[in-house]
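Trainee: Here is a sequence with its predicted model. Questions after.
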Amino acid sequence: MFDFSNVTIWFDALLRQTLGLGDFWSILIECILVGVLILAGYAILAICLIFMERKVCAYFQCRLGPMRVGPWGIFQVFADVLKMLIKEIFTVDKADKLLYFVAPFLVIIASVGTFSFLPWNNGAEVLNFNVGVFLLTAVSSIGVVGIFLAGWASNNKYSVVSAMRGAVQLISYEMSLGLCLITAVILTGTMQVSGIVEAQVGPWNWLIFKGHVPAIIAFLVFLVAGNAEANRGPFDLAEAESELTAGYHTEYSGMGFGFYYLAEYLNLFVVSGIATTVFLGGWAPVNIGIEGFDGIMNLIPGIVWFLGKTFAVVWLLMWVRWTFPRLRIDQILKLEWKYLMPLCLINLVLMTIIVAFGWHF
Amino acid sequence: MKLNNIELTFENFANEMAKLKNEKHFDYLVTIIGEDFGEEGLGCIYILENTQNNERCSVRTIAKKVDGSDVIPTVTNLWKAADLLEREVFDFVGIKFLGHPDMRRLFLRTDFVGHPLRKDFDMSPEANKFPLTDEPEDDFTVEYSLDKDGHLVETKHRLFEEDEYVVNIGPNHPSTHGVLRLQTVIDGETVKRIYPHLGYIHRGIEKMWEGMTYPQTLALTDRLNYLSAMMHRHALVGVIEEAMGIELSDRIRYIRTIMDELQRIDSHLLFLGCTAQDLGALTAFLYCMRDREHVLNVMEETTGGRLIMNYYRIGGLQADIDPNFVDNTKKLCKYLRPKIQEYLDVFGDNVITHKRLEGVGPMDKENCINYAVTGPAGRAAGWKNDTRKRHPYDCYDKVNWEEITMTGCDSMDRYYVHIKELYQSLDIIEQLIDNIPEGEYYIKQKPIIKVPEGQWYFSVEGASGEFGVYLDSRGDKSPYRMKMRPMGLTLAGALDPMLRGQKIADLITTGAAIDFVIPDLDR
């Protein structure tokens, strides 16, 4: 398979040896380049996801979705972004101005931060620490602060209720999310994102196959908890437009609102991306142990595999989003603390036993 | 029904009313009509119903003058539904109800001067300038009572405690189905108390009617609950026709029944959709809207309208049915039956829906009667309150149908009652559609319609409860006083007892499940 690290090593050599730049300059240039790429990827994916959501939900609802701007409405999202960029940004009277302006950035930082952990291809991991999964959950929890601050600083009663809901929900579901990831870590024996993916290369090596029962349970719980983390229906009760108008971002306009909007869609992608990475093999192609078939599959680039699987999971989550009604706050907490978390703990023990006795494939 | 009022005086009013309720079992307070009787002074007419044998009676009492105010003892201790009804009378006519715990205005602004339904109210534009200030908000409400010397005394009650967290759900809110403002005291997520504030879309229709000829009055009913346009119009033409003694042809009766049921299907479909949407299931909402189009298409072909139908008129119908009406209606019935199952598949039978609706906004049968919660909401508690059965009109006593009641007393059963009533409406239509008799679609009336003297009340079953119109005629070409019994007013009054101790999300759910529409409630 194509190893993207060839490109990065070549580029590093280009800067250091051919151009003779020192440590400082080459690292600076590389960091800027990677940052720009991440942000560009973030923006492009956001546009794709927003468009996808509109079309997918439209078809679920016997509608056509946007059709006017460009053929099949493909420029609709660009028009939306333009509108959002030129909108006036204003604050509410007696809002806590500092927190009010900081909050959307916290949300977007958490979102971009977790986004950077995704392994795009063999050798194309951006943040690749040996405690990767651990750090990932840590970074993702910054988002809660953003939501909580937004609700609190808006000086709006709906927003406060929503902030309360958001904080309670996100903190609760992080438990399950973390436990599911740890289940996978036990099976692969590494917390490094690249390590987890590499462990899944090869025939029937995706964790969901390798770990059979506990891995499937962990995968499903991860999708539920991830959906809750991304604040999407049926767990969208922090926004709950029919109860709290728009919840914590009621009072935001222009790009302040835009950041929440972006973060919501990208969190969806990130959750799906992590689910893909950890359980569905990330960029690892489908291998079934028959040489000819595997050879053809291996020809398909890793990024196609990664995006394909991620978007399949995204589609699954959209399906759920546009089918189920919203839960109530007490039901959401009950689901997490009474069912999902105990299930995760039992699952963790089960996985440990299976790994200890080598009962996995 | 022509009203033969039991006349009560101020002194024996409270006792006699208690007797009517407790001994004669008149436990359903249909409505209270505040009226300026001219020479006799201000007074009220109470329409009561016995829920055991569906007997109706009406009670009239003239307010007593005390210290320059007109007073009547309250009946809120007997019928809880009187709470908002008496506030409405106070608002429009200015009668103070002694012992009513919350005697504030209901529809008009708190700083409104005068009581518009009094005959001496100054209607000149100069005296009624549009106010440019915000409506003042008071933390206190008043209760009036008589002291031992017979003087009127005011007692103030606090509405909110100092440290209570008060959220306004509405007037502009996605889930109040119009401009209803529910001032809600919450404790975290739990609802402690709800004060409904009405009148954001109050158009003074009852006052306008007093200056209109009878044919002119018709145009306004379609603007009430625009999902029950036919039923509203039906009640109004019904009361006028009954007062004038017009005999309708069978064709008119058949067509009116079919149209009422089509309208009910339209309204119930929107109900199913809106409930789904209020619970966050937008897909189910759009499924219902998609099928509602077909219903509207069928009605449009005959009436020309999709929302404002303008179809019934005094003495019959505006026009005969379209030649394709029968075929299209049959096609519609065939199309809709399987679709109803689809709504259940996509939303109604979902486990989350059940979790969200079961046990939410509970109200048992006794309270439903006491709070006058009619319509599907009352039937979900087992109260047989369908006007089509209690006081059959048009063809409802000719067709074969069973009144639907359930026993859950909660929002889930309210939802299922709507589902079952959809099937029921389809059944009724299918029984009638093939047998529409030949005949006149309009019984010719005189150019100027005058109604003989007297008082009448006529009610029909609207989509979300009993809708009635009271008519007091003095033999003129315009009514002396007309008053509606809106479907939603008593439902809004029942929100508070239903929701105390429940969650904010349950408020939205219950609001959706009891199905009020604000233009109907505010008039």
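Mentor: All right, it came through fine.

Trainee: Stretch A:207-225 near chain B anywhere?
Mentor: No - using Cβ under 8 Å from any Cβ of the partner chain, stretch A:207-225 never reaches chain B; the gap is at least 12.5 Å. Every C-beta, even on glycine, is put in place using the N, C-alpha and C of the backbone.

Trainee: residue boundaries of the helices in the stretch 151-300 of chain B?
Mentor: B:205-209, B:214-221, B:229-244, B:250-278, B:282-303 (DSSP state H, counting those that start in this stretch).

Trainee: Including mean pLDDT and mean neighbour count, could these go into CSV?
Mentor: Compiled in CSV, the helices of the stretch 151-300 of chain B are given as follows (pLDDT from 0 to 100; neighbours: other Cβ atoms under 10 Å in any protein chain shown):
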stretch, mean pLDDT, mean neighbour count
helix B:205-209, 88, 19
helix B:214-221, 87, 20
helix B:229-244, 89, 25
helix B:250-278, 89, 25
helix B:282-303, 89, 20
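
Trainee: burial of the closest residue to residue B:340 other than its chain neighbours, as a residue count?
Mentor: Spatial nearest neighbour of residue B:340, chain neighbours left out: residue B:422 (5.4 Å); criterion: Cβ to Cβ, 6 or more residues apart in numbering or on different chains. Residues near residue B:422, counting by other Cβ atoms under 10 Å in any protein chain shown, number 22.

Trainee: Tell me which residue in chain B sits closest to chain A.
Mentor: Chain B approaches chain A most closely through residue B:280 (3.2 Å), counting by Cβ to the nearest Cβ.

Trainee: what's the burial count for that residue?
Mentor: 27.

Trainee: Surely it is in contact with residue A:239?
Mentor: No - using Cβ atoms under 8 Å, residue B:280 makes no contact with residue A:239, being 9.3 Å away.

Trainee: Quick check: pLDDT value at the residue lying farthest from the centre of chain B.
Mentor: Most distant from the centre of chain B: residue B:149, at 39.9 Å, with distances by Cα atoms, centre = their mean. Per-residue confidence (pLDDT) for residue B:149: 81.

Trainee: Close to chain B: what parts of chain A are there?
Mentor: Within chain A, the residues that sit near chain B (Cβ under 8 Å from any Cβ) are A:57, A:60-63, A:157-158, A:161, A:164-165, A:233-234, A:236-237, A:240-245, A:322-331.

Trainee: Out of the residues you listed, which end up buried?
Mentor: A:57, A:60-61, A:63, A:157-158, A:161, A:164-165, A:233-234, A:236-237, A:240-245, A:322-329, A:331 (16 or more other Cβ atoms under 10 Å in any protein chain shown).

Trainee: hmm, who's touching stretch A:302-310?
Mentor: With contact meaning Cβ atoms under 8 Å, 6 or more residues apart in numbering or on different chains, stretch A:302-310 is reached by A:1-2, A:4, A:118-122, A:124, A:269, A:272-273, A:276-277, A:280-286.

Trainee: in it, what counts as buried?
Mentor: A:302, A:303, A:305, A:306, A:307, A:309, A:310.

Trainee: follow-up on the earlier one: which of the residues of chain A next to chain B fall in helices?
Mentor: A:57, A:60, A:157-158, A:161, A:164-165, A:241-244, A:329-331 (DSSP state H).

Trainee: count of neighbours near residue 314?
Mentor: Since you didn't name a chain, this refers to chain A. 25.

Trainee: Oops, wrong one, chain B.
Mentor: Residue B:314: 20 neighbours (other Cβ under 10 Å).

Trainee: same deal with the one 5 residues further on?
Mentor: Number of residues near residue B:319 (other Cβ under 10 Å) recorded here: 14.

Trainee: Would you mind confirming that it makes contact with residue B:302?
Mentor: Yes - Residue B:319 lies in contact with residue B:302 (Cβ under 8 Å); the separation is 7.2 Å.
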